[in-house]
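K.L.:
sequence plus predicted model, see below.
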Amino acid sequence: MIAQSSRWRIAAEPRAEDVVALTDALNIPPLLARLLVQRGYQRPEAAKAFLRPSLDALSDPFSIRDMDAAVTLVADAVRTGRTVLVHGDYDVDGQCGTVLLTRLLRAAGGRVAPFVPDRMRDGYDFGPAGVAAAAAAGAGLIVTCDCGITAIDAVAQAKAAGFNVVVTDHHLPGSLPAADAVLNPQRQDGTVARELCGTGVAFKLAQALVPELGLPANLPLHLLDLVALATVADIVPLVGENRILTRHGLRVLASSRWPGVRALVETAGLGGRSLRAGHVGYVVAPRLNAAGRVGDAMDGVRLLLTDDEAEARALALRLEAMNERRQAMDQEILEQAAEEVEATNDLERDYGLVLAREGWHPGVIGIVASRLVERYSRPAILLALEGEQARGSGRSIPGFNLHAALQRCARLLAKFGGHRMAAGLTLPRDRIGEFREAFNAIAREELSTDDLVPTQHIDAVVSVGDLDLGLEKLLRRLEPCGAGNPTPVFGVAGARVRDARTVGTKHLKCTLDDSTGSLDAIGFDWADRVDPAWWQDPVDVAFRLELNDFRGAGDLQARVVQFRPAD
């Protein structure tokens, strides 16, 4: 049968009068009205603004603290011919923010040196490598993107060396660095756009700079493709300002004016198509992320910055190869990690997983940790052994604060950082066993057996016969979907599975039949999570409804989120 059951949390039925009122006010089908009410948009004005997000509703960039000071510093550097080092992080958000500001400042005639540190050599965040890069470029001003808010020492070092520093970031701050300006909507004294990603913050700076530098008023709109890429990839909530930027940015992305962006989309097999957030999150963004994880993140920056079609194509193909390499590493490490869990862990006792091995790539073990969490429903930490040190990455489950657990293990660790759901750490190799026991003790203390059963949110339980292409088209009005505004998940109870087979190396393809109708289904990464004869018994299936456009098929299918034995 199926390897693990799950608990369904079915959304509460909204008040019928609210659904009827919204249906009548907006002239929309009742199911869409129901989903909107469930998501908190029961007032017609709020629901209309959600369904038709307008760029006119974007906040004033000068409502972000320190924006005046940042604009003055950056504009002065451009006018006086001082070089600006734009320093991003290695991920998609950092790469896109770096490119966005570089393009904008170069359009104004500015001298700009983009820089992203090498994850393996330089580590995370703005640090000594960034200060050295600024010196090598002869820069007078450093502007960070998607980093710098916790770089207290590096900012102090840069200031002592004579640089002006503007920090733009979106991560949670503690004490603010002593920069000349700190743009971060998460500041305690911040009031607007608090959920922007790093590139979103850079976009607000761009908006503010346009009139100051005499640039065309519509230039920021041509940079919205970068904002959409970063916003989806960084998994920030797709509500409010983020929803507006992403909705319009996806349209720009589909026909970008930038050769590198077009090449990225085309080599991903999405050229000429209407793009959705899922395309970005699962197809486009991983190619840029691969550069930062297993290659050189500057390749991603070079791709997004180039205006040469041939160079763009060559760089896009290089990222394609990197992503294939990263996927192969993911799969190999996942198989090794799962084998180790099954062979050495007692899941009745081990409420947290700590796995270590030589040869695991530090750049991809975080992705694998996420997949172990999905598979075993408990916090997981993977450690890559390098000589006498172990570098690790962990992911958690709701209800377990991973960062707080590491704080309690701090005496065993050389360093660590992160938040409730994800963290990175380094520790001496000879302390792994002690750390594993300590971490498990904390997990057993804070988690119950109920916490280890995956909980699946269900927007509505339906019959297969209720589903058609018209419904799938209707649900697109909720796009862009992602964090904060998830794609609706439906549940079918007691379905029979027909024609079950493995496609590729690890995916399940089948047909669901509940006596009201049948529907094709695909379960990615499910092939090794069920026993060979699992289809003999009825199953409950949680899934997202989608159009299967593989090779132009255009058929309705269920993208399976969870199988479980029929309840």
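P.N.:
Received the coordinates, thanks.

K.L.:
number of residues surrounding A202?
P.N.:
Residues within reach of A202, counting by other C-beta atoms under 10 Å, total 35. Backbone N, C-alpha and C define where each C-beta goes, glycine included.

K.L.:
so what's it up against?
P.N.:
By C-beta atoms under 8 Å, 6 or more residues apart in numbering, the contact set of A202 is G97, L100, L101, C145, D146, T168.

K.L.:
kindly list the longest strand within this protein.
P.N.:
Within the chain, and with DSSP state E defining each element, the longest strand by residue count is strand 490-503.

K.L.:
coming back round to it: possible to save the contacts of A202 as CSV with pLDDT, distance to P177 and neighbour count?
P.N.:
Shown next, in CSV, are the contacts of A202 (pLDDT from 0 to 100; distance: C-beta to C-beta, whole Å; neighbours: other C-beta atoms under 10 Å):
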residue, pLDDT, distance to P177, neighbour count
G97, 98, 17, 37
L100, 98, 22, 28
L101, 98, 18, 31
C145, 97, 15, 33
D146, 95, 14, 32
T168, 98, 12, 34
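
K.L.:
now, which of these sits nearest D60?
P.N.:
Nearest to D60 among these, counting by C-beta to C-beta, is T168 at 16.6 Å.

K.L.:
in the sheet, who's paired with the closest one?
P.N.:
Beta-bridge pairing of T168 under DSSP bridges involves C145, L183.

K.L.:
so it makes contact with T144?
P.N.:
Yes. Using C-beta atoms under 8 Å, T168 is in contact with T144, at 6.0 Å.

K.L.:
mind listing the helices for the stretch 401-550 of the chain?
P.N.:
Using DSSP state H, counting those that start in this stretch, the helices of the stretch 401-550 of the chain run over residues 402-408, 432-446, 469-475.

K.L.:
how about the stretch 201-350 of the chain?
P.N.:
In the stretch 201-350 of the chain, the segments counted as helices under DSSP H, counting those that start in this stretch are 224-233, 240-254, 259-267, 277-279, 285-294, 297-305, 309-344.

K.L.:
could you do the stretch 51-200 of the chain as well?
P.N.:
For the stretch 51-200 of the chain, the helices defined by DSSP H, counting those that start in this stretch occupy 67-80, 92-107, 119-122, 128-137, 152-160, 198-212.

K.L.:
just checking, what packs against the second one?
P.N.:
What that stands for is helix 92-107. Counting contacts by 3 or more C-beta pairs under 8 Å, 6 or more residues apart in numbering; DSSP states H and E, helix 92-107 packs against strand 83-88, strand 112-115, strand 139-145, helix 198-212, helix 224-233, helix 285-294, helix 297-305.

K.L.:
mean pLDDT lowest for which of those?
P.N.:
Note on these: lowest mean pLDDT is at helix 285-294, with a mean of 92.

K.L.:
tell me the gap between that helix and the middle of its chain.
P.N.:
From the chain centre to the centre of helix 285-294 is a distance of 12 Å (C-alpha atoms, centre = their mean, to the nearest Å).

K.L.:
please apply the same query to stretch 340-357.
P.N.:
27 Å.

K.L.:
point out where the stretch 1-150 of the chain drops to low pLDDT.
P.N.:
1-5 (pLDDT under 70).

K.L.:
no wait, the stretch 451-567 of the chain
P.N.:
Looking at the stretch 451-567 of the chain by pLDDT under 70, you get 550-553.

K.L.:
run through the bridge partners of F490.
P.N.:
Bridge pairing for F490 - DSSP bridges - gives A460, F543.

K.L.:
and the helices and strands packed on helix 92-107 as JSON lines, adding distance to L425?
P.N.:
Formatted as JSON lines, the helices and strands packed on helix 92-107 follow (distance: least, C-beta to C-beta, whole Å):
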{"stretch": "strand 83-88", "distance to L425": "24"}
{"stretch": "strand 112-115", "distance to L425": "26"}
{"stretch": "strand 139-145", "distance to L425": "24"}
{"stretch": "helix 198-212", "distance to L425": "23"}
{"stretch": "helix 224-233", "distance to L425": "23"}
{"stretch": "helix 285-294", "distance to L425": "17"}
{"stretch": "helix 297-305", "distance to L425": "21"}
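
K.L.:
quick one: closest of those to A263.
P.N.:
Nearest to A263, of these and by C-beta to C-beta, is helix 297-305 at 7.0 Å.

K.L.:
quick one: the closest one to helix 224-233, angle?
P.N.:
Counting by axes from the mean of the first three to the mean of the last three C-alpha atoms, to 10 degrees, helix 297-305 lies at 140 degrees to helix 224-233.

K.L.:
report the distance from helix 297-305 to the chain centre.
P.N.:
Chain-centre distance of helix 297-305: 19 Å, with C-alpha atoms, centre = their mean.

K.L.:
what do you get for stretch 264-282?
P.N.:
16 Å.
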